[in-house]
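>>> structural data only, the sequence is not supplied:
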């Protein structure tokens, strides 16, 4: 399990906005190792995520910095009661 605490941040593009939590480079070693064995699209890694009582499956995506970003969809944010700027604790389990 990978445990990360950090801010939920907002990225706005030309047609949509996305919310993310960053997995810093110093906590991403297990994700990097897994991506070398089973590379998903864009270098993504499938994970099961828990924030508070909310659990779902998604993918994390590599950053040039060496870390990964975790997208957090609106339904999860509502259910967890979190918003951009909040510090959140995230548990990640790598899937198959």
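Alright, I've got the coordinates. Being a predicted model, the structure only gives us computed values, none of them experimental. Numbering: from 1, shown residues only.
>>> show me where this protein has helices.
29-37, 74-80 (DSSP state H).
>>> give me the helices and strands touching the lowest-mean-pLDDT helix or strand in the chain, please.
Scoring the helices and strands of the chain by mean pLDDT, DSSP states H and E places helix 29-37 at the bottom, with a mean of 83. If contacts are counted by 3 or more C-beta pairs under 8 Å, 6 or more residues apart in numbering; DSSP states H and E, helix 29-37 sits against strand 45-51, strand 54-62, strand 87-94. For every residue, glycine as well, the C-beta is placed using N, CA and C.
>>> looking at these, which is buried most?
strand 45-51 (a mean of 19; mean count of other C-beta atoms under 10 Å).
>>> what's the average pLDDT for that one?
In this model, strand 45-51 has an average pLDDT of 96.
>>> who touches the spatially most central residue of the chain in this structure?
Closest residue to the average C-alpha location of the chain: residue 70 at 1.7 Å, with C-alpha atoms, centre = their mean. Listed by C-beta atoms under 8 Å, 6 or more residues apart in numbering, the contact set of residue 70 reads 20-23, 47, 49, 58, 60, 90, 92.
>>> gap between it and residue 20?
For residue 70, the distance to residue 20 equals 6 Å [C-beta to C-beta, to the nearest Å].
>>> in stretch 77-85, what's buried?
Buried positions in stretch 77-85, judged by neighbour count with 16 or more other C-beta atoms under 10 Å: 77, 80, 82.
>>> from those residues, which is closest to residue 8?
Within the buried residues of stretch 77-85, distances to residue 8 taken as C-beta to C-beta reach their minimum at residue 82, with 5.6 Å.
>>> returning to what we had before: dump the contacts of residue 70 into TSV; add distance to residue 9 as well.
Shown next, in TSV, are the contacts of residue 70 (distance: C-beta to C-beta, whole Å):
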residue	distance to residue 9
20	6
21	8
22	7
23	13
47	18
49	16
58	16
60	14
90	13
92	17
